[in-house]
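Trainee: Would you be able to build a 3D model of this:
(chains A and B)
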Amino acid sequence: MNAHSGLAAQTSGPPDARPTPAVPTEPARRGATLDVERVSHSYGGFRALDDVSLSVKAGEVVALLGPSGCGKTTLLRVIAGFLNHTEGNVRVDGAPVDRVPAGRRGIGIVFQNYALFPHMSVSQNVGYGLAARGRSRRQIKDSVARFLEVVQMSAFARRRPRELSGGQQQRVALARALAIEPGILLLDEPFAALDKNLRLDMQIELKRLQRDLGLTAILVTHDQEEAMSVADRVAVMNKGRIEQLGTPVEVYDRPETLFVNSFIGSSNLLAGTVAATGPTGTTVDLDAGGRLTVAGAGGPAGSRVLVSVRPEQLHIAHAPGEGLFPVTCRLELPVGGNSVLDLQTRDGADVKLVRLRAGAPPLGNGQHYCGLTPDARPAIFPAPAG
Amino acid sequence: MRTTRSFADVSYYAVIGAIGGLAIAILVVPVLVVLAISLTSAASLKFPPTGLSFRWYEALFDPVQSGHIHSAALNSLQVAGSAAGLAMLIGTLAALWLDRHRGAAGRALDTAFMSPLVLPMLSFGLAALIIVTMLRQRPSLTWLTAGHLVVVIPFVIRTVSASLSQLDRALIDSSASLGASSFYTFRRVVLPVIAPGMAAGAFLAFVASMDNVPISLFLSNARTDMLPIRLWGMMESSLDVRVAAASGVLIVVTSVLLVVMNRLVGLNRRV
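Mentor: Numbers count the residues shown, from 1 in each chain, chains lettered A, B, ... in the order given. The predicted structure follows:
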């Protein structure tokens, strides 16, 4: 995981050089709403989805984010209609679709490795859904031309998928999913196979397309930066449950659980003991030394807690003071315009700190003091048992 | 650039090279010998041949002299064609079923389908003859085809299973999500992917049937003479050089088919 902020990285990278695709205005489509109501699914004895509820508004992009095995792919397959879940309901535009086959849910899917039909040309791939629905040749031809235009792949209509680059294949997969004019678009790790620069271009383009078409989209990813940049809301999943559902900023700034806190961005966990609780928050005596007051409840006085602080929310002082704890600097790495400091507290814990490199002289050996920046929003969690 | 090679390297390559060369020689030399003998001008199967001529090929293709060989060859072609065609259908269906049933039942059936490859074919031929007799049937081309079918189906199952294992499941999901029915998915997605495997399997089945002696030995009679049996009979009775000529034709035709099939379906990647 990056030592510096996940959000900072998105603004770097090459700008999208391509012209804005000409998105046809007719017919005006509207994304469908999606409601997942208390859905559970078990494989054998393993509970892959545990009482998951999720409501997605029309035209909204929600990212399902989590480590592998967290249930995000299972949830996607339930929504798509590839898996019959054991309990709960899935509704599209309010109507239950639990017994509706995948092809009739009005849901388009872009698969992880695009799953383009290798023996068909790009046009045939894009027209497949309409051909399968028995549309006329004329309709198919028009639709294929339109959606190839949308993804800027008109010049490649006769190519086979293997003759295309990863990014081009993805555009074709997107056009194929859009050609059936779905109300909801599901994307399974859509950018995982692309290199970093292309990934950003495609993210921007996908976001623009989704907005222009007014589509509802669900994005499955294990990449938090991707989730943060593309999604309106992020559902952080762990062990078959949604741990937190919120905007990227909420999830990043106000993680509700220790898992979300550690999974999103990087953070320092400082162990401590609750000294007092009051209306402004909880006062904690850190094991590293120093006393902090943190908004939120960590338990009654005397209970053990973890205080989470983002690396960019710490600063260095050279003299002791209120709320500061002593540290020694082990390493200083320049990363872009920032430098990352690897610090050690007196109780042996590692602390990472990110600060602007400009104007900050390198930290020498010896005793320094570390504290929270004025805008820091530390989070507090009860320390896990054991 | 100079590379130094240790004695171990040199002896390793020498031994491997020698064994490989020997293996190739054992495989190829007899074929070349038969081809050479078939071009002899003499009236015996002697090697080396005593002169060069196409007289035995002329004799082989002469309908007056070799009518019985022609009818045996036609029987063999008919049986091999039907057996390969049916094997392609049944074997593909079996492979599709096995692909979806990986449990104990699937594995047991897989083994059962494959058993003709390992069980002694002579005993199967005998068993087939007993069954045909029990059913009060006379040996006929139909029963020959049925017998051949059982022993050539495994080739199709193997090649189609190999193709299916390369079929990305996401393609099928993708087709379903785009609104295609199972049959439409099969026709437009599964079939094109497994078609080369089906063709390769049918080709192997055809060649195996053309070449089959043990089943034909039990199930053919004078009216349903098969080419390998006929050739064997000719060898036993007269050491006829036309046998070498017929072998020559089979070798050349099979080689050409092999090259063509390899170009079309990548045979050596599938078996």
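Trainee: Nearest the geometric middle of chain A, what residue?
Mentor: residue A:227 (2.2 Å; CA atoms, centre = their mean).
Trainee: I'd say that one and residue A:65 touch.
Mentor: Yes - between residue A:227 and residue A:65 there is a contact under CB atoms under 8 Å: 4.3 Å. Quick note: C-beta positions are derived from backbone N, CA and C, even for glycine.
Trainee: what is in contact with these two at once?
Mentor: Contact criterion CB atoms under 8 Å, 6 or more residues apart in numbering or on different chains; residues shared by residue A:227 and residue A:65: A:221, A:234.
Trainee: Torsion angles phi and psi at the closest residue in space to residue B:49 that isn't next to it in sequence?
Mentor: Spatially, and ignoring its direct neighbours in sequence, residue B:49 is nearest to residue B:40 (3.4 Å; CB to CB, 6 or more residues apart in numbering or on different chains). Main-chain torsions, residue B:40, degrees, to the nearest 10: phi -70, psi 160.
Trainee: counting residues per helix, which one in chain B is longest?
Mentor: helix B:67-100 (DSSP state H).
Trainee: Please name every helix or strand in contact with that one.
Mentor: helix B:104-118, helix B:141-165, helix B:191-210, helix B:227-238, helix B:242-265 (3 or more CB pairs under 8 Å, 6 or more residues apart in numbering or on different chains; DSSP states H and E).
Trainee: Could you tell me which residues within it count as buried?
Mentor: B:69-70, B:72-73, B:75-76, B:79-80, B:82-84, B:86-88, B:90-92, B:94-96, B:98-99 (16 or more other CB atoms under 10 Å in any protein chain shown).
Trainee: pLDDT on it, on average?
Mentor: Averaged across helix B:67-100, pLDDT comes to 92.
Trainee: Please apply the same query to stretch A:120-139.
Mentor: 94.
Trainee: what bits of the stretch 151-271 of chain B have low per-residue confidence?
Mentor: By pLDDT under 70, the weakly predicted segments of the stretch 151-271 of chain B are B:267-271.
Trainee: near chain A, which residues of it show up?
Mentor: B:168, B:170-171, B:173-181, B:184, B:188-189, B:192-193 (CB under 8 Å from any CB of the partner chain).
Trainee: How about residue A:301, nearest residue that isn't a chain neighbour?
Mentor: Residue nearest to residue A:301 in three dimensions, not counting chain neighbours: residue A:274, with 5.2 Å by CB to CB, 6+ apart.
Trainee: show me what contacts the one you found?
Mentor: Residues counted as contacts of residue A:274 (CB under 8 Å, 6+ apart) are A:282-284, A:298-305.
Trainee: Check for me that it belongs to a strand.
Mentor: Yes - membership of residue A:274 in a strand is supported by DSSP: H, G, I helix; E, B strand; the rest coil.
Trainee: what about it, distance to residue A:251?
Mentor: According to CB to CB, to the nearest Å, residue A:274 and residue A:251 sit 25 Å apart.
Trainee: pLDDT below threshold where in the stretch 1-150 of chain B?
Mentor: Using pLDDT under 70, the stretch 1-150 of chain B drops low at B:1-4.
Trainee: now residue B:10: how far from residue B:24?
Mentor: Distance, residue B:10 to residue B:24, by CB to CB: 21 Å.
Trainee: For stretch B:225-233, list every residue counted as buried.
Mentor: Across stretch B:225-233, burial judged by 16+ other CB under 10 Å covers B:225-231.
Trainee: and of those residues, the nearest to residue A:312?
Mentor: residue B:228 (82.2 Å; CB to CB).
Trainee: Apart from its chain neighbours, what residue comes closest to that closest one?
Mentor: Nearest to residue B:228 is residue B:213, by CB to CB, 6+ apart, at 5.0 Å.
Trainee: Just grab the bridge partners of residue A:237 for me.
Mentor: residue A:242 (DSSP bridges).
Trainee: Surely it touches residue A:75?
Mentor: Yes - in this structure, residue A:237 is within contact of residue A:75 by CB under 8 Å, at 7.4 Å.
Trainee: Give me the common contacts of those two.
Mentor: Common neighbours of residue A:237 and residue A:75 (criterion: CB under 8 Å, 6+ apart): residue A:64.
Trainee: Show the contacting residues for the residue lying closest to residue B:54 once chain neighbours are set aside.
Mentor: Take residue B:54 and drop its neighbours on the chain: the residue closest to it by CB to CB, 6+ apart is residue B:39, 7.1 Å away. Residue B:39 makes contacts with B:49, B:52-54, B:56, B:248, as judged by CB under 8 Å, 6+ apart.
Trainee: List just the nearest of the residues you listed to chain A.
Mentor: residue B:248 (38.9 Å; CB to the nearest CB).
Trainee: Chain neighbours aside, what residue packs nearest to that closest one?
Mentor: According to CB to CB, 6+ apart, the nearest residue to residue B:248 is residue B:38 (4.0 Å).
Trainee: Tell me how many other residues crowd the one you found.
Mentor: Neighbour count of residue B:38, defined by other CB atoms under 10 Å in any protein chain shown: 23.
Trainee: what does residue A:236 give?
Mentor: The number of residues packed near residue A:236 is 28, by other CB under 10 Å.
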